[in-house]
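1. Task: produce atomic coordinates for the following.
(2 chains)
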Amino acid sequence: MDPQFSFLTVLESIDYDGTEDAVAVALKEKVLPILQANATAITSSSEGSLNVNITGASAESSRSGSKDGGKEGSAGGSRDTEKTLLPKYVIAKKHQDDILTQTDPARVSALWILALTAKFGNQTADISEFFSNVNRLLDNISGAQAKLVPEHYRALLYMIVGASDAIENPNLLLRPLLNAALSFSPSHDMLSPAHALFLIQALKAKQYKLALQLLKYDVDKFDSAYGLTYQDHLRFHYYGAMVFIGMKQYEKAIEYLSIVLCAPGFPCSMVQIEALKKTILLQLILYGKHALRLPRMANDFTSHSYRAFARPYDHFAVAFENGDPTVLKLVWNQINNIFSADGNYGLALHSLTAFRKQRIQKLRKTFITVPMEYIESKDIDILENGPSTKGFVLAMIEDGDLRAKISQKSSTSPIIVVFQDGSVTSSHLDELEAKLDSVRLLNEKIAIADREVGQSREYLSRKLQSASAPGGFLSRGGGLEDLEGYDDSMMEL
Amino acid sequence: MAFFPPIDSLSQSLSLSDLEPLESLAQCVPIDDANVSRYYSLFIYCLIINDDIEEARFLLKRASTRTISADSAEVTDTIAPLSTARRILTSLWTKNYVEFFSTVEAALHSVPLESPEANLLRTLADHVREANYKFVSRAFLSGALSDIAVYFGISEIDAKEFLVQKGWSVTDELTVKAPAISKEPTKAAAQQKARFDSLTSLITHMQRA
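-> Predicted structure coming up:
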């Protein structure tokens, strides 16, 4: 029997009205083996492999699927790389167009992925035809089926990014990419190959608000079986932090950057060094000081490496914390070119504005009312290009950075600033309720993850190893019953 | 070639839901399409009216640099729409309300009375005045009328009349004084306190658990 004939026959025999997972299983068991046989035949006849042109920051993660073994170059840098994809599954050329024109991508997403990578991967194809087909696929993609062909799916995403960059329009397939990332798992909490790629395209397209639609879900599941790498994890959280910085959600940005800093790895990655630089500036903006130590979960050994690369930032932070504007200005003049070279100039400027604000905010600790003239005597604009003290104070009040009122009894009287106490508003309560809800959900997730880890083979074998060492509970004659209740005690916060 | 719909064919009372879906199309049309400049300017005004000035800034950055150049180079007797929107956005971002109101007034004089631009610009000016009145109420116990009038883009005489209607008092030296705020507990404040108390007890319970 003609293998291709059997492929079509089998394709038609699948019940597409079943659940998404059932269809995926049917494809995996009945169709993919045929395509795998095609691939084996082609590979053995040396017809060549699929060369996928990868451009952009995604290029770095294509080089290896393991943790980086050294510096990789600056995060977000772009580099062209030819990745050789040895196709695991192959659809014959004559069926590629049939798949793309006669089937529903929602039902056979896996085959669409294979057809697209095969048809457009090795040639300078019609780019508008490529985008049109990709748009149809990503708007209707089945996450369960994308997981069946992870390498091809990843290659297709790289092709999309490369093509968007080639026509200098990163906005073009942004919404379909978002849909692809969200459809990977029903609860949207699993990292997919599309997550980091979507974020970097969103950053290029300055679609920060759209990026928040992905970032509103906490991603805490990661499975390397889907072609994901350590770099995907770092990049997703680093680019996510950049989105939050763009939207001025600095606390959330610090949270994402701390995830990058705490990621295990030796030696440290350039992505982590860039994350540290941004973290230092953000801490100055939010808190007026930077943490001398990295987050508790960060690897102590690599923290020394971080510090070596971020020394100018430490230097700037020390001058900032000392509060002497003359010294700060001197340091700024010495190193502002470093901020610019690192792409952190805007953030550094915000830190100088924060320095000015914090000097004024500190007056609240000493005074209830203070003349504007006194504030002018204390106010320092490091770059001497900002608004006047009065304008700056009014702007702080307008933006909610200062709780105060202005009083001037007559046009000849001095302007007095009256500091106000904070009051709890309903928006504060809404925010507090939302935070408590998210903490409750997080506690539940942690409890579930705790049970799963506690029952995993790796954990139990390590515990048994340590227990069988002298002094362990087995040596005391304890058995597995000693583990009862241990799980519960682990769940205590 | 992509076809961008004429702005005047869209709804007279434009909203974000009318404009957002057209952005990807705006990036594909020829740069000399005058509709594109108008589209971006209207989109910016809508975003500001919806208190999304950050997104308005990003939209301006997303607008093709070629579109911005083409807009500025237009030689017409009307003000270039995107450049005007940029000036309005910048003045709001830098809190230069004198510049804001003067630019809006000049733009209103240059567009047809019932055009989408005129409708949105009038709405925008009213929106900013209202927001600024809330700010003035929050920020000033008393102050010079000349300082406060700039927030409304009106003359001192009109500002005096406006504030007096809102309960402010004005001295002979043209200093305004905010109305006294009632310190009696309101029902909303009582509900808020009750809500605050229940959240506090919940947090205490979680700490103990």
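
2. for the stretch 1-150 of chain A, what spans make up the strands?
-> A:50-54, A:81-85 (DSSP state E, counting those that start in this stretch).

3. hang on, isn't A:Gly240 packed against A:Asp218?
-> No: with contact defined as Cβ atoms under 8 Å, A:Gly240 does not reach A:Asp218; the gap is 10.5 Å. Where C-beta positions appear, they are placed from N, C-alpha and C, glycine not excepted.

4. rank the strands of the stretch 1-150 of chain A by pLDDT, which is bottom?
-> Here the strands of the stretch 1-150 of chain A differ in mean pLDDT, and the lowest is strand A:50-54 at a mean of 44.

5. now A:Glu458: how far from A:Ala155?
-> 31 Å (Cβ to Cβ, to the nearest Å).

6. More neighbours: which of the two?
-> Using other Cβ atoms under 10 Å in any protein chain shown, the more surrounded residue of A:Glu458 and A:Ala155 is A:Ala155, with 25 against 8.

7. and that one, what element?
-> Assigned by DSSP states H and E, A:Ala155 belongs to helix A:150-166.

8. Over to A:Ile406?
-> strand A:404-407.

9. With B:Thr103 instead?
-> With DSSP H and E as the test, B:Thr103 turns up in helix B:97-110.

10. Report all helices and strands that that helix contacts.
-> Applying 3 or more Cβ pairs under 8 Å, 6 or more residues apart in numbering or on different chains; DSSP states H and E, we find helix B:97-110 packed against helix B:81-93, helix B:116-139.

11. Return the residues in contact with the residue of the stretch 351-493 of chain A found nearest chain B.
-> Distance from chain B to each residue of the stretch 351-493 of chain A (Cβ to the nearest Cβ) is smallest for A:Ser407, at 4.2 Å. Going by Cβ atoms under 8 Å, 6 or more residues apart in numbering or on different chains, A:Ser407 touches A:369, A:415-418, B:140-143.

12. Residues of chain B that sit close to chain A?
-> Residues of chain B lying close to chain A (Cβ under 8 Å from any Cβ of the partner chain) are B:23-24, B:27-28, B:52, B:54-55, B:58, B:61-62, B:95, B:135, B:138-144, B:147, B:171, B:173-175, B:188, B:192, B:195-196, B:199, B:202-203, B:206.

13. Selecting buried members of those residues in PyMOL, what would you type?
-> Provided next is the PyMOL selection string for whichever of these are buried by 16 or more other Cβ atoms under 10 Å in any protein chain shown:
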select buried, chain B and resi 23+27+28+55+58+62+95+135+139+140+142+143+144+147+174+175+192+195+199
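
14. Check the residue in chain B that chain A sits nearest to and give its pLDDT.
-> Closest contact between chain B and chain A, by Cβ to the nearest Cβ, is at B:Leu141 (4.2 Å). Model confidence at B:Leu141, given as pLDDT, is 90.

15. right, and it touches A:Ile406 too?
-> Yes: with contact defined as Cβ under 8 Å, B:Leu141 reaches A:Ile406; the gap is 6.8 Å.

16. where do the contact lists of these two overlap?
-> A:Val418.

17. returning to that earlier point: quick one: residues contacting the residue of chain B closest to chain A.
-> Contacts of B:Leu141 by Cβ under 8 Å, 6+ apart are A:405-407, A:418, B:177-178.

18. picking that back up, following the strand holding A:Ile406, which helix or strand shows up next?
-> In N-to-C order, the element after strand A:404-407 by DSSP H and E is strand A:416-419.

19. check whether that next one contacts chain B.
-> Yes: interface with chain B: strand A:416-419 contributes A:Val418 (Cβ under 8 Å from any Cβ).

20. what's that strand in contact with?
-> Taking Cβ under 8 Å, 6+ apart as the rule, strand A:416-419 contacts A:363-364, A:367-372, A:375, A:393, A:402-408, B:141.

21. what's the model's confidence in it, averaged?
-> 92.

22. No more questions from me, cheers.
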